[in-house]
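# what would the 3D arrangement of this be:
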Amino acid sequence: MESYLASIEGLIGQIIRAGKFELSFSIHKGHEEPAKSEAPEFIVDFAGPDSGLLLEKNGAVLDALEHVVLKAVRLEEDLFGRITFDCQDWRRLRAEELTMIAQMAAERVRETGEPFTMNPMTPRERRLIHLALRDQINVRTASEGRGSERRVVIHPASPPGRPPREP
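Numbering: from 1, shown residues only. Take a look at the predicted model:
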């Protein structure tokens, strides 16, 4: 992992210099034990006057930078979740927001008995919704759609011995 981190650090430095961005960054250990949670092992944290650029359009530039850098350093696919890029604590706050939205949507599904379809999300965000509701016994989640239109649908869970209701 150390060689990947050194490569990531070097590549980000080159991108910042070449793009003349007013950004600084640090790579540090995540706050939680990754084996016990879904938290990343390492966080690449950005700061500086150009931070807002990374966070525009729901962090699309931050996501793109993370994707390009991790692919460019040839990080193995199974290690992608162990390193994440963040800026101004945006990822943590977004995860908290999505968890709260998931809980409210699940409550609506329990009350109405009707499925709830969420807006399209990135794979990372969909995963957060699935994880937020994985221990809920009254609902189940499924991803539906293709590409950028993929979304999470929260369904009522079937009572034991009964098939799910058809829509």
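# buried sites along stretch 12-19?
Across stretch 12-19, burial judged by 16 or more other CB atoms under 10 Å covers 12, 16. The way it works is simple: take the backbone N, C-alpha and C, and place the C-beta from them, glycine included.
# give me the residues contacting it.
Contacting residues not belonging to stretch 12-19 are listed as 21, 23, 25, 44, 65, 69 [CB atoms under 8 Å, 6 or more residues apart in numbering].
# so how far is stretch 55-66 off the chain centroid?
11 Å (CA atoms, centre = their mean, to the nearest Å).
# in it, what's buried?
Neighbour-count burial for stretch 55-66 [16+ other CB under 10 Å]: 55, 59, 61, 62, 63, 65, 66.
# can you check stretch 68-84 too?
Buried-residue list, stretch 68-84, by 16+ other CB under 10 Å: 69, 70, 73, 75, 82, 83, 84.
# any regions of the chain where pLDDT drops low?
31-38, 159-167 (pLDDT under 70).
# what about the strands in it?
Using DSSP state E, the strands of the chain run over residues 24-29, 42-47, 83-87, 116-117, 139-144, 151-156.
# about what we covered before: between the buried residues of stretch 55-66, which sits nearest residue 94?
Ranked by distance to residue 94 (CB to CB), the buried residues of stretch 55-66 are led by residue 59 at 7.1 Å.
# so the closest one makes contact with residue 90?
Yes - contact status for residue 59 versus residue 90: in contact at 5.7 Å, counting by CB atoms under 8 Å.
# mind listing the helices for this protein?
Using DSSP state H, the helices of the chain run over 2-19, 51-72, 90-112, 123-133.
# buried ones in the shortest one, by neighbour count?
If I follow you right, that is helix 123-133. 124, 125, 126, 127, 128, 129, 130, 131, 132, 133.
# so how far is residue 68 from residue 10?
14 Å (CB to CB, to the nearest Å).
# nope, residue 108 is what I meant
Counting by CB to CB, the gap from residue 108 to residue 68 is 37 Å.
# for the buried residues of stretch 68-84, give me TSV that also has distance to residue 147.
Formatted as TSV, these follow (distance: CB to CB, whole Å):
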residue	distance to residue 147
69	22
70	20
73	25
75	23
82	25
83	24
84	22
